[in-house]
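Engineer: This is a predicted model, with the sequence first.
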Amino acid sequence: MSLRRPLPLVAGNWKMNTTVDEGVALARRLRTELDTCRVEVEVLPPFTHLVQIAEVLRGSRLRLGAQNCFSADKGAYTGEVSPAMLVGLCQDVLLGHSERRHILGESDELIARKLRAARRHRLRVILAVGETEDERLDGATMTVVDRHLRSALEGLGNVGEGELVIAYEPVWAIGTGRTASSEQAEEVCVHVATRLDELIGDVATTVPILYGGSVTADNAAELFALPHIDGALVGGASLEVDAFTLIARACEAARASGAGA
Ligand code: PGA
């Protein structure tokens, strides 16, 4: 495997939190705090906020992404939002998040179709993969991660630089305060890097591999020091300006020091 050196990314997944007014205020404060950050910083607010937050972030270095999209461009799909509708509003879309897999019942096959649809519209995809607690206890972590990666990426054709991000998020660590240990996180991220090499070739070395699952201002530096972790997908702590700022700055410091992210 060749040397990995992707540009790190710290992305905040707001999930179903904040009103439009609260979200706009949060985005304004994050722009003030993090516009000078030398790693990529991104917010993923609810769909309802995108138009106004795109305005707040216009001209800044912060990226904007959606938390989901559908697999068709338009049509009779009540309540869904298509990737075509996101074009011009945001640059990225998160797909395969465990809450969509396990609460909303999204299959590997649906996620693969969504990913292809997002790519047709040149949205960068942040693909989330990761095992449940039972799967880890069964020793099936790598099998599950492989399945998530293969089903989404196999046969995708040419993936260019800047088109894909992978987020490894153990389901048992999401929103639980039980962050994966450094060894657990690094082991799976190394595995992801190896699989990516096989699935998409040389461009794999440019794909950031994020860790997600109870990342906080207290544990971020330790995670970013790991050689195969290029940033974080942050849930709860992304709603707090101070915590999210400290996490992004920890990522910037790790990159500047030449360690890990
Ligand atoms: P958490 O969520 O940071 O609250 O654990 C992470 C995520 O779901 O992306």
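Structural biologist: Happy to help now that I have it.

Engineer: what residue of this structure is the furthest out?
Structural biologist: A76 (28.6 Å; Cα atoms, centre = their mean).

Engineer: what secondary structure does that residue sit in?
Structural biologist: coil (DSSP: H, G, I helix; E, B strand; the rest coil).

Engineer: Get me the contact residues on the stretch 51-200 of the chain for the ligand.
Structural biologist: E169, I174, G175 (Cβ under 6 Å from any ligand atom). Glycine gets a C-beta too; all of them are placed from N, C-alpha and C.

Engineer: Which one of the residues you listed sits in the busiest neighbourhood?
Structural biologist: E169 (28 neighbours; other Cβ atoms under 10 Å).

Engineer: Pop out the phi and psi values for that residue.
Structural biologist: The phi/psi pair for E169 (degrees, to the nearest 10) reads phi -130, psi 100.

Engineer: Count the residues that sit near the residue in the stretch 1-150 of the chain that the ligand sits nearest to.
Structural biologist: With Cβ to the nearest ligand atom as the measure, N13 is the residue of the stretch 1-150 of the chain nearest to the ligand, at 4.2 Å. Neighbour count for N13, taken as other Cβ under 10 Å: 26.

Engineer: got the residues of the stretch 51-200 of the chain next to the ligand as JSON lines, with distance to Q67 and pLDDT columns?
Structural biologist: Converted to JSON lines, those look like this (distance: Cβ to Cβ, whole Å; pLDDT from 0 to 100):
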{"residue": "E169", "distance to Q67": "13", "pLDDT": "98"}
{"residue": "I174", "distance to Q67": "14", "pLDDT": "94"}
{"residue": "G175", "distance to Q67": "15", "pLDDT": "93"}
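
Engineer: Just give me the neighbour total for the residue of the chain found nearest the ligand.
Structural biologist: The nearest approach of the chain to the ligand comes at G235, 2.2 Å away (Cβ to the nearest ligand atom). Neighbours of G235 under the rule other Cβ under 10 Å: 22.

Engineer: Could I get the contacting residues of the nearest residue to it once chain neighbours are set aside?
Structural biologist: Distance criterion Cβ to Cβ, 6 or more residues apart in numbering; nearest residue to G235, sequence neighbours excluded, is N13 at 5.2 Å. Going by Cβ atoms under 8 Å, 6 or more residues apart in numbering, N13 touches L44, Q67, L94, H97, G212, L233, V234, G235, S238.
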